[in-house]
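>>> coordinates only, no sequence provided:
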């Protein structure tokens with residue numbers, strides 16, 4: 001079954017993509033055979049590659065790749081911890097300031113009307 005976008009010749013990757021995107025479309029017998037052959041060749045290359053010894057350069061590359069990911073994750077976790085700690089310190093500072101104002105107000109012997117004035121707390125912050 002040819003698609004309107006097919007040009008002359010068989011474009012297997014585009015056809016396979018279309019088949020995967022459209023479950024009702026089925027590959028031709030020739031395409032199925034080519035896929036089976038490609039899979040067999042890929043498995044042979046994999047087995048051949050797996051039987052070879054890993055060079056020192058490849059071992060170092062794998063080690064660096066694994067540890068780079070761990071360093072990135074650790075850096076992200078550390079950054080989150082720093083931001084959270086800074087936020088908690090700021091919040092704690094605001095609470096301490098509020099408690100200091102409350103303590104200053106309660107320690108003074110002032111009439112209730114003076115506490116209700118709009119500019120009363122301005123003098124306490126200085």
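Alright, I've got the coordinates. It should be emphasised that the depicted structure is a prediction, and the values quoted were computed from it without experimental measurement.
>>> what's the neighbour count on residue 15?
19 (other Cβ atoms under 10 Å). No exception for glycine: its C-beta is placed from N, CA and C like everyone else's.
>>> how many other residues sit next to the nearest residue to it once chain neighbours are set aside?
Residue nearest to residue 15 in three dimensions, not counting chain neighbours: residue 31, with 6.4 Å by Cβ to Cβ, 6 or more residues apart in numbering. For residue 31, the neighbour count with other Cβ under 10 Å is 15.
>>> may I have the phi/psi pair for residue 31?
phi -70, psi -40 (degrees, to the nearest 10).
>>> how distant is the helix or strand containing residue 47 from the center of its chain?
Taking DSSP states H and E as the definition, one finds residue 47 inside helix 29-51. Centroid separation for helix 29-51 versus its chain: 34 Å, with Cα atoms, centre = their mean, to the nearest Å.
>>> what comes up buried for it?
By neighbour count on 16 or more other Cβ atoms under 10 Å, the buried set for helix 29-51 is empty.
>>> for the longest helix seen in the chain, what is the average pLDDT?
Determined from DSSP state H, the single longest helix within the chain is helix 56-107. Confidence over helix 56-107 (mean pLDDT, whole number) is 83.
>>> who are the packing partners of it?
Packed against helix 56-107 by the contact rule (3 or more Cβ pairs under 8 Å, 6 or more residues apart in numbering; DSSP states H and E) you find no helix or strand.
>>> phi, psi for the residue lying closest to residue 62 once chain neighbours are set aside please.
Spatially, and ignoring its direct neighbours in sequence, residue 62 is nearest to residue 54 (8.0 Å; Cβ to Cβ, 6+ apart). Backbone torsions of residue 54, given as degrees, to the nearest 10, read phi -80, psi 130.
>>> so how many other residues sit close to residue 54?
11.
>>> could you measure from residue 76 over to residue 70?
11 Å (Cβ to Cβ, to the nearest Å).
>>> kindly apply the preceding question to residue 114 instead.
61 Å.
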